[in-house]
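Colleague: What follows is a predicted structure for the sequence shown.
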Amino acid sequence: MSKHRKRWSESEKKAILQYYQEHGASSAARQFEVSTSMIYRWASELSPSVLKEVETTISSKEYHRLLRENQALKELVAEKELEIRIKDALLKKTSPLSKSG
């Protein structure tokens, strides 16, 4: 391993952050041989205008579709949770161990 520190240009940082946005910090760290902590630091230090260039944008239509999908998934999870609670309650009532005799 090199004892010299690598200096990253702004364009390199942007490229790494773009890759990070698409593939995650671990993958970006391996791909560009940089630590994940450095990637997180760059993301927090860069000004919001620079981050806007890096971020992938989605259309308003796609955003609303994702909101609807998220809401539907939340409702599905809530229904499943309710089913589990009802089954647990019924099992407690009918369990032979719960009867004293």
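Modeller: Structure received.
Colleague: quick check: domain ranges of this structure?
Modeller: For the chain, automatic domain parsing gives the domain ranges 8-56, 58-96.
Colleague: Counting neighbours, what do you get for Leu17?
Modeller: By the measure other C-beta atoms under 10 Å, the count of residues near Leu17 is 20. For every residue, glycine as well, the C-beta is placed using N, CA and C.
Colleague: and it, what pLDDT?
Modeller: Listed pLDDT for Leu17 reads 88.
Colleague: what helices or strands is the helix or strand that contains it leaning on?
Modeller: Taking DSSP states H and E as the criterion, Leu17 maps to helix 10-23. Applying 3 or more C-beta pairs under 8 Å, 6 or more residues apart in numbering; DSSP states H and E, one finds that helix 10-23 contacts helix 25-32, helix 36-45, helix 48-54.
Colleague: re the thing from before, return the most buried member of the domains of the chain.
Modeller: Of the domains of the chain, the one with the most neighbours on average (mean count of other C-beta atoms under 10 Å) is domain 8-56, at a mean of 14.
Colleague: low-scoring stretches of this protein, by residue?
Modeller: Along the chain, the parts satisfying pLDDT under 70 run over 1-4, 47-57, 97-101.
Colleague: Scan it for its longest helix.
Modeller: Using DSSP state H to define each element, the chain has its longest helix at helix 60-94.
Colleague: From Leu46, how far off is the nearest residue to Ala43 once chain neighbours are set aside?
Modeller: Leaving aside its sequence neighbours, Ala43 sits nearest to Leu17 (C-beta to C-beta, 6 or more residues apart in numbering; 6.0 Å). Going from Leu17 to Leu46 by C-beta to C-beta, to the nearest Å gives 7 Å.
Colleague: Check Arg65 too.
Modeller: 29 Å.
Colleague: same thing with Val77?
Modeller: Using C-beta to C-beta, Val77 is found at 35 Å from Leu46.
Colleague: same deal with Ser95?
Modeller: From Ser95 to Leu46 the distance is 58 Å (C-beta to C-beta).
Colleague: do Gln18 as well
Modeller: Gln18 is 12 Å from Leu46, by C-beta to C-beta.
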